[in-house]
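> mind folding the following:
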Amino acid sequence: MKPRILFICQHNSGRSQIAEAYLKEFAGEHFEIESAGFKPAEEVNPLVVEVMKEEGFDLSGKKPQSVFELFKAGNIYSHVITVCYDTEEQCPVFPGITKRWHWPFPDPAKVEGSHGERLSKVREIREEIKNWLLNPEAGTFSFKELIER
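Just a heads-up that it's a prediction; the model follows:
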């Protein structure tokens, strides 16, 4: 049975969707990976859809889901990773969790400026998340270490 990983952010419309997509690409054969939010948005942030499409990911049909619905369904995760500044204390205690991680990233929904400027800022967030997954600092979540076990 593969370890299960859940990425959580406030609305499941940006950061957690980016992290889920990349980790599925990098290590999907080793893990079951999902994402959810505390107050799920109606859709994935269009700027996130646009910048992820540049990387070959189609998030246009993804539906944000509720972390509480997953909890109520009895889903069990080996790792729960919150990726926004305001969620660590709100995270429900999932049964069977062996590890909880908190790694905050800026919110794509809060970027400002022209469309081009906002896209540029969301690209930066995308790259931060991708780099974190590929090159974790010592002591933080590392899917590579999990694979090697």
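
> right, and the helix or strand after the longest helix seen in the chain?
Taking DSSP state H as the criterion, the chain has its longest helix at helix 115-134. Under the assignment DSSP states H and E, the closest C-terminal helix or strand after helix 115-134 is helix 143-148.

> and that following helix, how far out from the chain's middle?
18 Å (CA atoms, centre = their mean, to the nearest Å).

> buried residues of that helix, list them for me.
143, 146 (16 or more other CB atoms under 10 Å). For glycine as for every other residue, the C-beta is placed from the backbone atoms N, C-alpha and C.

> who touches the longest helix of the chain?
14-15, 18-19, 22-23, 26, 45, 47-48, 50-52, 54-55, 83, 103, 105-106, 108, 111-113, 140, 143 (CB atoms under 8 Å, 6 or more residues apart in numbering).

> swap in 6 Å and give it another go.
18, 19, 22, 23, 47, 51, 105, 106, 108, 111 (CB atoms under 6 Å, 6 or more residues apart in numbering).

> in it, which residues are buried?
So for helix 115-134, counting by 16+ other CB under 10 Å, buried means 118, 119, 121, 122, 123, 125, 126, 129, 130, 132, 133.

> and it, C-alpha only, in CSV?
The C-alpha trace of helix 115-134 is given here as CSV (Å, rounded to 0.1, in the frame of the first residue of the first chain):
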residue,chain,number,x,y,z
HIS,A,115,-2.8,40.4,-15.7
GLY,A,116,0.9,40.0,-16.8
GLU,A,117,2.2,41.1,-13.4
ARG,A,118,-0.1,38.7,-11.5
LEU,A,119,0.9,35.9,-13.8
SER,A,120,4.5,36.6,-13.1
LYS,A,121,3.9,36.5,-9.4
VAL,A,122,2.0,33.3,-9.6
ARG,A,123,4.8,31.8,-11.7
GLU,A,124,7.2,32.7,-8.8
ILE,A,125,4.9,30.9,-6.3
ARG,A,126,4.7,27.9,-8.7
GLU,A,127,8.5,27.8,-8.9
GLU,A,128,8.9,28.1,-5.1
ILE,A,129,6.6,25.1,-4.6
LYS,A,130,8.3,23.0,-7.3
ASN,A,131,11.8,23.8,-5.9
TRP,A,132,10.6,23.0,-2.4
LEU,A,133,9.5,19.6,-3.5
LEU,A,134,12.6,18.9,-5.5
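
> all set, thanks.
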